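S.K.: Let's see this in three dimensions:
(2 chains)
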Number of protein chains: 2
Amino acid sequence: MSLLVVGSVAFDAVETPFGKCEKMLGGSTSHFSIAASFYTDVRIVGVVGGDFSEAEQKVFDSHKIDTTDLERIPDGKTFFWRGRYDYDLNVAHTLDTQLNVFADFKPKLSDESKKARLVFLGNIQPDLQREVREQVPDAELVALDTMNLWIEIARESLLRTIKAVDVVIINDAEVRQLTSIPNLIKAARTVLSWGPKALIVKRGEYGAALFTPENYFAIPAYPLESVFDPTGAGDTFAGGFMGYLSSQEALNEAAMRRAMIFGSVMASFNVEEFGTARVRRLTHEEINTRFRAFKQMTHFEEIPFIRVAT
Amino acid sequence: MSLLVVGSVAFDAVETPFGKCEKMLGGSTSHFSIAASFYTDVRIVGVVGGDFSEAEQKVFDSHKIDTTDLERIPDGKTFFWRGRYDYDLNVAHTLDTQLNVFADFKPKLSDESKKARLVFLGNIQPDLQREVREQVPDAELVALDTMNLWIEIARESLLRTIKAVDVVIINDAEVRQLTSIPNLIKAARTVLSWGPKALIVKRGEYGAALFTPENYFAIPAYPLESVFDPTGAGDTFAGGFMGYLSSQEALNEAAMRRAMIFGSVMASFNVEEFGTARVRRLTHEEINTRFRAFKQMTHFEEIPFIRVAT
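M.R.: Here you go, the predicted model:
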């Protein structure tokens, strides 16, 4: 039972209306793997430079994340992103992106990684995602994330990759952009018609929705009175989702629905502090308490209306 | 057991990307009362002009809506609104508003209306809403709607009215505008601190949320692949909500949660055709089928995560 994730490991500098952090561990793979590590054994595939220190390695080690396939380029520098959020925390303003060693990233999977039961293709160039996907033919479930950039400049490749995966996990703007269909429900049906068994649409403060050919499932976001730093919320959601699924024997829709809740729970913690800080020190008790809160905030009695004659 | 609604009765002219209608029955009171009539006895308070014909009267009659307090001004004209929707159906562009007899509307309640158990103060000037509220001191539950205009030009009066009601039913932009707080959860808590027992936030395609001092309840919208005409969706939601509540003995949170679902069901039908056309010919079987669909699309098993040692 193991989960493999491929994507970026980065250093982030983030400024929000509530504070500033000059350098912290970030990137899709970091957020994803730390969240997933609460549920399953995780292996990461990525690349870092000589500035990736013992301190960052310890973060992965302390969560028993297998970094065998984390390539190190001693004379290179790790991917760096600087961003700012204003009071509308839904919008990240990118101030600086230095791809560094990530520019020439070619994912290399060890034999052990190729045996992963579940695989998450984080947001990287879709040709690379497909190369990885082809190396894990026996995986029971492969999911991918992507972004507006690839929809714009590598659409055909992205469509080929989407056809080759089981689950697509993207946000609502991306679903609309990908399909050029404004109605989300119709857009989602279109994505499913391309092949994936499930589409998960992340809607930020409005929650998330799971589309399958037969069904629709939608959940609200956990109600937070303050969001401190939204960086990595989407990857943390995906990490909770895939991590929980990886812990389950049956990868059916009932498991996916619960996985959506665990994903949302992890994301709700992620935004409470800078970077991965809050998720790193989570306990299973905290996670389960918030899981139960989701049940409480979505429950209603199924009593159809019967009109009593007057 | 009866429900009273005060607000506008109007003629609407609507253009959407899918069609055009030059004159149809509209206004908050019409949408509200027709939706509510599926659940309870409804009385309306409003004003119409000489152009309000037998055909419109028949719509109310056929739903057993009591129009005793619907004032008629034979030499006046009924409130008229003309609007257009582009492909973003969330935004109504007002092309023309003729208040006509509605400009001097003074709600007049008969003795029978003053005995209503539940009262909905539709979107009218907040001083008028408060005048009505004062005439129904024994009502078990009074709810109100409002709009951005009153928040801008009659804020103090609106706040006094909000303090005097039990339930506020508005959209998310209005909650933020009313409180000047961008975070919806914090904004909602602020509205509740002014006195109401419950705040319902309508979020359009994202669903709706119920805030009470103790709890939070959120539901998605019914997933529609096409929205034909969103006019009146909010009032139809309120009509389903208040109508269902009016049918219940206990006006507690469990009943309010189910009422949210019935409100959403009615709103989902409303947007499928022009004006009130779709809702007018609904059956209870159709309503209950969609009610059950809400259960299906929000249900997940409450199984906390237990990490098995490996």
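S.K.: just for the stretch 1-150 of chain A, where's the confidence low?
M.R.: A:1 (pLDDT under 70).
S.K.: Would you agree residue A:5 falls within a strand?
M.R.: Yes. Residue A:5: assigned to a strand according to DSSP: H, G, I helix; E, B strand; the rest coil.
S.K.: For the stretch 201-310 of chain A, give me the ranges with low pLDDT.
M.R.: For the stretch 201-310 of chain A, the stretches flagged by pLDDT under 70 are A:309-310.
S.K.: Go again with 80.
M.R.: Along the stretch 201-310 of chain A, the parts satisfying pLDDT under 80 run over A:307-310.
S.K.: Show me where it has its helices.
M.R.: With helices called from DSSP state H, counting those that start in this stretch, the stretch 201-310 of chain A shows them at A:233-246, A:253-270, A:277-280, A:284-298.
S.K.: and among the ones you listed, the most buried is which?
M.R.: Sort these by mean neighbour count, taking mean count of other CB atoms under 10 Å in any protein chain shown, and helix A:233-246 sits at the top with a mean of 29. For the C-beta atoms, the positions are set from N, CA and C on the backbone; glycine is no exception.
S.K.: Just name whatever secondary elements that one is in contact with.
M.R.: strand A:2-6, helix A:28-36, strand A:118-121, strand A:141-144, strand A:167-171, strand A:198-202, helix A:253-270 (3 or more CB pairs under 8 Å, 6 or more residues apart in numbering or on different chains; DSSP states H and E).
S.K.: From the chain's centroid, how far away is it?
M.R.: Between the centre of helix A:233-246 and the centre of its host chain there is 6 Å, according to CA atoms, centre = their mean, to the nearest Å.
S.K.: Please export the C-alpha coordinates of it as CSV.
M.R.: Taking C-alpha atoms only, helix A:233-246 is exported to CSV below (Å, rounded to 0.1, in the frame of the first residue of the first chain):
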residue,chain,number,x,y,z
ALA,A,233,-4.3,24.4,-0.1
GLY,A,234,-5.1,22.6,-3.3
ASP,A,235,-2.1,20.2,-3.0
THR,A,236,-2.9,19.7,0.7
PHE,A,237,-6.5,18.8,-0.3
ALA,A,238,-5.1,16.3,-2.9
GLY,A,239,-2.7,14.9,-0.4
GLY,A,240,-5.5,14.2,2.1
PHE,A,241,-7.7,12.8,-0.6
MET,A,242,-5.1,10.5,-2.1
GLY,A,243,-3.6,9.6,1.2
TYR,A,244,-6.9,8.5,2.7
LEU,A,245,-7.8,6.6,-0.5
SER,A,246,-4.4,4.8,-0.3
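S.K.: Now residue A:68. Its backbone dihedrals?
M.R.: Main-chain dihedrals, residue A:68, degrees, to the nearest 10: phi -50, psi -40.
S.K.: wait, doesn't it sit right on residue A:112?
M.R.: Yes. Proximity of residue A:68 to residue A:112 meets the contact threshold set by CB atoms under 8 Å, at 7.0 Å.
S.K.: between the two, what contacts are shared?
M.R.: Taking CB atoms under 8 Å, 6 or more residues apart in numbering or on different chains as the criterion, residue A:68 and residue A:112 both touch residue A:43.
S.K.: what bridges to the closest residue to residue A:212 other than its chain neighbours?
M.R.: Closest residue to residue A:212 apart from its sequence neighbours, by CB to CB, 6 or more residues apart in numbering or on different chains: residue A:198 at 5.1 Å. On the basis of DSSP bridges, residue A:198 is bridged to residue A:167.
S.K.: Residue A:166 is in contact with residue A:198, correct?
M.R.: Yes. With contacts counted by CB under 8 Å, residue A:198 reaches residue A:166, the gap being 6.9 Å.
S.K.: Looking at those two, which one has more neighbours?
M.R.: A direct count of neighbours by other CB atoms under 10 Å in any protein chain shown for residue A:198 and residue A:166 places residue A:198 higher, at 22 against 17.
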